[in-house]
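Q: Dropping the sequence and predicted coords here.
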Amino acid sequence: PIALRTALIGLSFSVLVSFWGQYASAQTSYNYITFPQMPLCLLLPFLLFILTPNLLLRLKSPTVALSTSELIVIFSMGLIAAMVPDWGMVRYLISLIIAPNYYASPENQWAERFFEYLPAWLVLPNEKQEVSYFFAGLPSGAAIPWRAWVVPLFWWFSALGTLLFVGACLVVIMRRQWVEHERLRFPMGEVILRLVESDEGSSRIPKLYRNRTFHTGFIITFAIMIWNCISYWEVIPRIPIPNPPTTMVLDPAYPPINLRLVPYVLCFAFFVNVEILFSVWIFQLVGILQTGMLNRFGVVSPATTIVPGGLVSIQFSGGLIMFVLWGLWMARGHLKTVWQHALGKATELKDEDELFSYRTAVFGFIAGMVFLMCWLHAIGFTIPVAVLFLTLLFIFYLGIARVLAEAGLINLDLPINAHAFTIGIV
């Protein structure tokens, strides 16, 4: 069980991550703080407000300091909270709720063209200028119209909450296959474990923080950060890290090759298997060459306006789909065992090893998918299109999760999202 102090610290830390991540990205327009799979809005507060004070506390009173397991729990809670601010969720969710009634005008004829297909319970009404006030600000002394937000937020949160629950069910179902059978490395998790691990011996300072190589890297990095902070006042020149992109153009028909040194990405890539790193850049080069050759021959996909990157992006998406389907085929024995365990048959699986029971995971996954299908149907999807969309959505989710678990690429993103791919197919 999770101790009370761990839960309270984790909840407080999660609130800090959510609010600070959204505020920092909105005020500074620095979207990268929430973009990576290991977001800076999580890692920086964890280092400053959790890990560093805990190290100091270990020196003075090691019995009171947080243990490794407590630090992992707190970090995990913060990681879940980091999905919310800006790029993770808020940017898209708020836009979906407020954009239709704000940008509709007689010129674009949105109201005549598609408002009849737009459920009123999904968007914020503008009958009392609620949307206009969101952009322009409330008049002096006016109260925030919270009541107008209740209905759209309730229905969007119901869908998002179900989506997260279905994702948790997939984690329970696939964890044993990935961790124990295939033994994936989880490079991002390895970085965090190195930071929070503590020695079993008498030393109060963990082994990592006594390492001279770590001291050297920390001093150099910290010195560059201080130098660039001072350079803000133009007293000294700035050290260009990360450096501006260097563009290489093979031919006007070929996409440019952008080269940029990003230390944050490089540090996590250090833990990745060399063979996987080779595959990352070689297939990126193959994609550039393919795009250039297609342009040379004048072969253009009619779906280019829907699918950025055209035929090559479609090919890469097809490769990801086959990658996921092949992984599920490899896990067929484990999935069969999970199904038998969920039905109450005797297996070697143990519910105590998972976040919740396999029965809850299997039937929760089924119930969640049914709810999402009904939700999509209520907003206008036909059942076949809803099935196609959800299938592609979770195939892409599994693919991204698998690549992160094996490669740890913190800047990973899809060439095309499930909704755009569904539109391209339909």
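A: Cool, the structure landed. Numbers count the residues shown, from 1 in each chain.
Q: Buried ones in stretch 379-395, by neighbour count?
A: Of all the residues in stretch 379-395, those buried under the rule 16 or more other CB atoms under 10 Å are Phe381, Val385, Ala386, Leu388, Phe389, Leu390, Leu392, Leu393, Phe394, Ile395. (C-beta placed from N, C-alpha, C; glycine too.)
Q: The last one touches Val324, doesn't it?
A: Yes. Shown here, Ile395 and Val324 form a contact pair, counting by CB atoms under 8 Å, at 4.9 Å.
Q: What ranges does the stretch 151-300 of the chain have for its strands?
A: Per DSSP state E, counting those that start in this stretch, the stretch 151-300 of the chain carries strands over the ranges 246-248, 257-259.
Q: which other helices and strands contact the last one?
A: Other helices and strands packing on strand 257-259, by 3 or more CB pairs under 8 Å, 6 or more residues apart in numbering; DSSP states H and E, are strand 246-248.
Q: Give the partner strands of the strand it packs on in its sheet and their orientations.
A: strand 257-259 (antiparallel) (DSSP bridges).
Q: Return the distance of the strand it pairs with from the chain's centre.
A: Centroid separation between strand 257-259 and its chain, computed with CA atoms, centre = their mean, to the nearest Å, is 24 Å.
Q: same question, stretch 74-92
A: Put simply, stretch 74-92 sits 8 Å off its chain's centre (CA atoms, centre = their mean).
Q: what comes up buried for it?
A: Under 16+ other CB under 10 Å, the buried positions of stretch 74-92 are 74-75, 77-79, 81-91.
Q: Endpoints of it, how far apart?
A: This stretch, stretch 74-92, spans 27 Å end to end (CA to CA, to the nearest Å).
Q: contacts for that stretch?
A: Where contact means CB atoms under 8 Å, 6 or more residues apart in numbering, the residues beyond stretch 74-92 that reach it are 6, 9-11, 13-15, 17-19, 21-22, 25-26, 31, 33-35, 39, 41-42, 45-46, 50, 66, 160, 192, 196.
Q: Pull stretch 400-407 out as PDB, backbone CA atoms only.
A: Taking Å, rounded to 0.1, in the frame of the first residue of the first chain, the C-alpha atoms of stretch 400-407 are listed here in PDB:
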ATOM      1  CA  ILE A 400       4.100   4.300 -29.900                       C
ATOM      2  CA  ALA A 401       4.200   2.600 -26.500                       C
ATOM      3  CA  ARG A 402       6.300  -0.300 -27.900                       C
ATOM      4  CA  VAL A 403       8.800   2.000 -29.600                       C
ATOM      5  CA  LEU A 404       9.100   4.100 -26.400                       C
ATOM      6  CA  ALA A 405       9.600   0.900 -24.300                       C
ATOM      7  CA  GLU A 406      12.300  -0.400 -26.600                       C
ATOM      8  CA  ALA A 407      13.900   2.700 -28.000                       C
END
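Q: ok, Ile410 touching Val265?
A: Yes. Ile410 lies in contact with Val265 (CB under 8 Å); the separation is 6.0 Å.
Q: Now for the two: what residues contact both?
A: Here Ile410 and Val265 have Pro36 as joint contacts, going by CB under 8 Å, 6+ apart.
Q: Of these two, give the one with the bigger neighbour count.
A: Taking neighbours as other CB atoms under 10 Å, Ile410 and Val265 compare with Ile410 leading, 22 against 15.
Q: State the pLDDT value of the more buried one.
A: What the model reports as pLDDT for Ile410 is 81.
Q: sec struct for it, please.
A: Secondary structure, DSSP: H, G, I helix; E, B strand; the rest coil: Ile410 is coil.
Q: Need phi/psi at it.
A: Main-chain dihedrals, Ile410, degrees, to the nearest 10: phi -80, psi -10.
Q: What are the contacting residues of stretch 24-33?
A: Stretch 24-33 is touched from outside by Gly21, Thr34, Pro39, Leu40, Cys41, Pro85, Asp86, Trp87, with contacts defined as CB under 8 Å, 6+ apart.
Q: Mind doing that once more with 10 Å?
A: If you take CB atoms under 10 Å, 6 or more residues apart in numbering as the criterion, stretch 24-33 is touched by 20-22, 34-35, 39-44, 82, 85-88, 90-91, 242, 262, 264, 411.
Q: do the same with stretch 101-113
A: Against stretch 101-113 from outside (CB under 10 Å, 6+ apart): 95, 99-100, 114-115, 118, 120, 123-127, 130-132, 134-135.
Q: I'd like to know which of those residues are buried.
A: Neighbour-count burial (16+ other CB under 10 Å) is assigned, among those, to Pro100, Leu118, Val123, Leu124, Asn126, Glu130, Val131, Phe134.
Q: Pick out the lowest-pLDDT one from the buried residues of stretch 74-92.
A: Gly88 (68).
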